[in-house]
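Q: Give me the fold of what follows.
(2 chains)
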Protein chains: 2
Amino acid sequence: MIPTLQEIQEAHDRIKPFIHRTPVLTSQSINELAGCEIYFKCENFQKIGAFKARGGMNSVLKLSHDEQQKGITTHSSGNHAQAIALAAKTVGTKAYIVMPSNAPIIKKNGVKALDGEIIECEPTLEARESTVQKIIDEKGATFVHPFNNYDVIAGQATAAKELIEEVGDLQVVMAPVGGGGLLSGTALTTHYLLPNAEVIAGEPEGAADAILSFKSGKIEKAPYIKTIADGLLTNLGDKTLGIIRMYVKDIITVSDEEIIAAMRLIWERLKIVIEPSCAVPFAALLKQKERFAGKKVGIILTGGNVDLGNLPF
Amino acid sequence: MIPTLQEIQEAHDRIKPFIHRTPVLTSQSINELAGCEIYFKCENFQKIGAFKARGGMNSVLKLSHDEQQKGITTHSSGNHAQAIALAAKTVGTKAYIVMPSNAPIIKKNGVKALDGEIIECEPTLEARESTVQKIIDEKGATFVHPFNNYDVIAGQATAAKELIEEVGDLQVVMAPVGGGGLLSGTALTTHYLLPNAEVIAGEPEGAADAILSFKSGKIEKAPYIKTIADGLLTNLGDKTLGIIRMYVKDIITVSDEEIIAAMRLIWERLKIVIEPSCAVPFAALLKQKERFAGKKVGIILTGGNVDLGNLPF
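A: Next up is the predicted model:
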């Protein structure tokens, strides 16, 4: 069932002791440049450097003690892998993380630093899923999907909850969209707490599946995949698509040039490190400035896990 | 006269409405790696992106209305130029900023964005000083030295004041040393508020004048100048040297490799943008870990004005 306001509040109470309440930053010079009033919710400062700590923590804490003790498993080469490793470590159990053999070493090291056990497989979705199934069968571990899971969605929904509690009457709330876990959680919280506010997403032109699914109502694939925003390559799931169709106003696509320019502005003006995927909603706002003119806008900055040896500027 | 505790408190009350109270950040993974408990005072989030806003603001606000109206002048190609432009704009007067003709365009644009008037001169200290003198003679403007000025020192001293007020019983307080304005202010505040704490500075090996001056008691020049920490090239002044000799425990020099590694760690773990000069005290701590083992250490992160198109990694 789609998380209720009470379930989001319970998720927040559940995870609060184990995550950071991240700061909300503003910049006068960015506001002047954008022509509106922007409140950046800095999940790049979250544990593991990304909002995914929230959803991973909520889904693992909600399991029974017996379930927890049998371990947690997922397949991910990104921030969700570290989120699950952190959550498993927090409750004192094992995380079995299935990663494609070509996953970046930096991601593997992140999981290992949190005592996660990495199981390598071929870099195909089929291999990832069958390897996870083997772990479920052998260990009795619980699988936590990175986004198409209501407990994960309720956890991600707590970022917008903190933002709205702190800033109050936002007129627009923005997030990027990949698999849609954060976007659907953000849309639910905003619907419950600020029913008159609009939720608008940003999506890379080079992974523009969500905008198609949003229009057609079916899970679509992107026409092509080529973007620097490597955290947003995934298609939606049925659960996230359902919520997004109900509570999201619009999805704006942006080019990689626009993403890089927005990312650079945030680094230069806010003095914070964010990853390319994270700059997507701000790029969307800058692309359609007139639409946001004079408004009070909240943007969820999703993460700061970037390879400093390979920056786009 | 060397600023008293009361004068530092007055400076703080004076500048508070016009500067940010910057956050203090911590990182569990950095603490584990460093073997001590570090509190980073994030002046990279300060107005103009650097602590210099404090000293510039205090010195300009302290002038009489008549003095203010005649304008403010200084020579600087760095953050002090923007600090004076901001302070002048704040009190509604003109800033005449003398800059060498080869100063980076990004620095010139920073001054222009704050309505400062740039007067170019040859890139020599003599030309800078004589050009400033001409402005003083013609306009009656007041010259504000970037560091060898007790009002500037009292302003910079407020960063450590906020840090100590927030964290309490630090055993060590660290800052980088260039001209010594921040270091002498930090040393004064620490002496007044935490008389048992040690103040330790970091200095680049490739601009190692302060350590020589600290030992000899005279203003010395660096044996050679070659460092990425371009904010720390200046020699001490008589006022800063006097305070540093009295209240600083030690100066540790670090190589550019050590500075870049420390800078990268802060970007990766704290997810914040800092400039190379800013990483110098943390590099000094990492170089002499055993000395800080288990201690509660405050580090002033001085600024985040870095050219993203020219990073050392």
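Q: Strands of chain A, residue ranges please.
A: A:24-25, A:37-42, A:72-75, A:95-100, A:117-121, A:142-143, A:172-176, A:198-204, A:250-254, A:296-301 (DSSP state E).
Q: what residues does the stretch 51-200 of chain A put near chain B?
A: Proximity of the stretch 51-200 of chain A to chain B, by Cβ under 8 Å from any Cβ of the partner chain, involves residues A:Ala113. Heads up, the C-betas are built off the backbone N, CA and C, glycines and all.
Q: Buried ones in the lowest-mean-pLDDT helix or strand in chain A, by neighbour count?
A: Using mean pLDDT, DSSP states H and E, helix A:105-113 stands out as the lowest-scoring helix or strand of chain A, at a mean of 89. Using 16 or more other Cβ atoms under 10 Å in any protein chain shown as the test for burial, helix A:105-113 gives A:Lys107, A:Lys108, A:Gly110, A:Val111.
Q: Same question for stretch A:228-247.
A: A:228-237, A:239-241, A:243-245, A:247.
Q: again, but for stretch A:97-105
A: Result for stretch A:97-105 [16+ other Cβ under 10 Å]: buried residues A:Ile97, A:Val98, A:Met99, A:Pro100, A:Ala103.
Q: farthest pair in these?
A: Across the buried residues of stretch A:97-105, the longest distance by Cβ to Cβ is 11.1 Å; it joins A:Ile97 and A:Pro100.
Q: Now for these two: what residues contact both?
A: Taking Cβ atoms under 8 Å, 6 or more residues apart in numbering or on different chains as the contact rule, A:Ile97 and A:Pro100 have no neighbour in common.
Q: Okay, helices next: where are they in the stretch 101-250 of chain A?
A: For the stretch 101-250 of chain A, the helices defined by DSSP state H, counting those that start in this stretch cover A:105-113, A:125-139, A:150-167, A:181-193, A:210-216, A:238-247.
Q: among those helices, which is nearest B:Ala81?
A: So among these, helix A:150-167 is nearest, using Cβ to Cβ, at 34.0 Å.
Q: quick one: A:Gly217 and A:Ile153, what's the gap?
A: Counting by Cβ to Cβ, to the nearest Å, the gap from A:Gly217 to A:Ile153 is 19 Å.
Q: These two: which has the busier surroundings?
A: A:Ile153 (31 against 10; other Cβ atoms under 10 Å in any protein chain shown).
Q: That one - nearest residue in space that isn't next to it in sequence?
A: A:Gly185 (4.7 Å; Cβ to Cβ, 6 or more residues apart in numbering or on different chains).
Q: do the same with A:Gln171
A: That would be A:Lys295: by Cβ to Cβ, 6+ apart, it lies 4.5 Å from A:Gln171.
Q: Now do the same contact list for the one you found.
A: For A:Lys295, counting by Cβ under 8 Å, 6+ apart, the contacting residues are A:Cys36, A:Glu37, A:Gln171, A:Val172.
Q: same thing but at 6 Å, please
A: A:Cys36, A:Gln171, A:Val172 (Cβ atoms under 6 Å, 6 or more residues apart in numbering or on different chains).
Q: do A:Trp267 as well
A: Counting by Cβ under 6 Å, 6+ apart, A:Trp267 touches B:Val273, B:Leu308.
Q: Would you mind measuring from it to B:Leu308?
A: Taking Cβ to Cβ, one finds A:Trp267 at 6 Å from B:Leu308.
Q: just A:Leu182 next, same as before
A: 26 Å.
Q: which of the contacts of A:Lys295 has the most neighbours?
A: Of the contacts of A:Lys295, with other Cβ under 10 Å as the count, A:Val172 tops at 22 neighbours.
Q: For whichever residue of the stretch 151-300 of chain A sits closest to chain B, which non-adjacent residue is closest in space?
A: Closest to chain B within the stretch 151-300 of chain A is A:Lys271: 3.7 Å, counting by Cβ to the nearest Cβ. Leaving out its chain neighbours, the residue that sits closest to A:Lys271 by Cβ to Cβ, 6+ apart is B:Gly304, at 3.7 Å.
Q: Run a quick neighbour tally on the residue in the stretch 1-150 of chain A positioned nearest to chain B.
A: Nearest to chain B in the stretch 1-150 of chain A, going by Cβ to the nearest Cβ, is A:Asn44, at a distance of 4.7 Å. Close neighbours of A:Asn44, defined as other Cβ under 10 Å, add up to 26.
Q: same question, A:Asp307
A: Count around A:Asp307 with other Cβ under 10 Å applied: 13.
Q: For it, give me the pLDDT.
A: What the model reports as pLDDT for A:Asp307 is 89.
Q: what's the answer for A:Asn102, then?
A: 87.
Q: wait, isn't it in contact with A:Pro123?
A: Yes. Taking contacts as Cβ atoms under 6 Å, A:Asn102 lies within contact range of A:Pro123: 5.0 Å.
Q: if we can go back for a sec, what's the neighbour count on the residue nearest to A:Ile153?
A: 33.
Q: now A:Ile48
A: 25.
Q: just A:Asp66 next, same as before
A: A:Asp66 has 8 neighbours, counted by other Cβ under 10 Å.
Q: Mind pulling up the pLDDT for the residue nearest the centre of chain A?
A: The centre of chain A sits closest to A:Leu182, judged by Cα atoms, centre = their mean, with a distance of 4.5 Å. A:Leu182 is assigned a pLDDT of 98 by the prediction.
Q: Give the closest residue to it in space, chain neighbours not counted.
A: Nearest one to A:Leu182, counting by Cβ to Cβ, 6+ apart, is A:Gln156 at 4.5 Å.
Q: can you tell me which residues contact the one you found?
A: A:Arg54, A:Gly55, A:Gly181, A:Leu182, A:Gly185.
Q: now do A:Gly49
A: A:Gly49 neighbours (Cβ under 6 Å, 6+ apart): A:Gly303, A:Gly304, A:Asn305.
Q: again, 7 Å this time
A: By Cβ atoms under 7 Å, 6 or more residues apart in numbering or on different chains, the residues touching A:Gly49 are A:Gly303, A:Gly304, A:Asn305, B:Lys271.
Q: neighbour-wise, which of these leads?
A: A:Gly303 leads the contacts of A:Gly49 on contacts (other Cβ under 10 Å) with 29 neighbours.
Q: For A:Lys226, list the residues it contacts.
A: A:Gly206.
Q: What's the per-residue pLDDT of it here?
A: So, for A:Lys226, pLDDT stands at 97.
Q: got it, and the one 5 residues further on?
A: Taken from the predicted model, the pLDDT recorded for A:Gly231 is 92.
Q: give me phi/psi at it?
A: phi -90, psi 0 (degrees, to the nearest 10).
Q: Report the separation between it and B:Thr234.
A: 43 Å.
Q: now do A:Glu220
A: 60 Å.
Q: One more: A:His12?
A: From A:His12 to B:Thr234 the distance is 50 Å (Cβ to Cβ).
Q: got it, and A:Phe292?
A: 44 Å.
Q: got a list of what the closest residue to A:Glu205 other than its chain neighbours touches?
A: Distances taken as Cβ to Cβ, 6+ apart place A:Thr253 nearest to A:Glu205, at 4.7 Å, with adjacent residues excluded. Counting by Cβ under 7 Å, 6+ apart, A:Thr253 touches A:Glu203, A:Pro204, A:Glu205, A:Ala208, A:Ile211.
Q: Now with 6 Å, please.
A: Counted by Cβ under 6 Å, 6+ apart, A:Thr253 has contacts A:Glu203, A:Glu205, A:Ala208, A:Ile211.
Q: Now list the buried members of those.
A: A:Glu203, A:Glu205, A:Ala208, A:Ile211.
Q: Could I get those residues in JSON lines, plus columns for pLDDT?
A: Output for the buried ones among the contacts of A:Thr253, formatted as JSON lines (pLDDT from 0 to 100):
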{"residue": "A:Glu203", "pLDDT": "98"}
{"residue": "A:Glu205", "pLDDT": "98"}
{"residue": "A:Ala208", "pLDDT": "98"}
{"residue": "A:Ile211", "pLDDT": "98"}
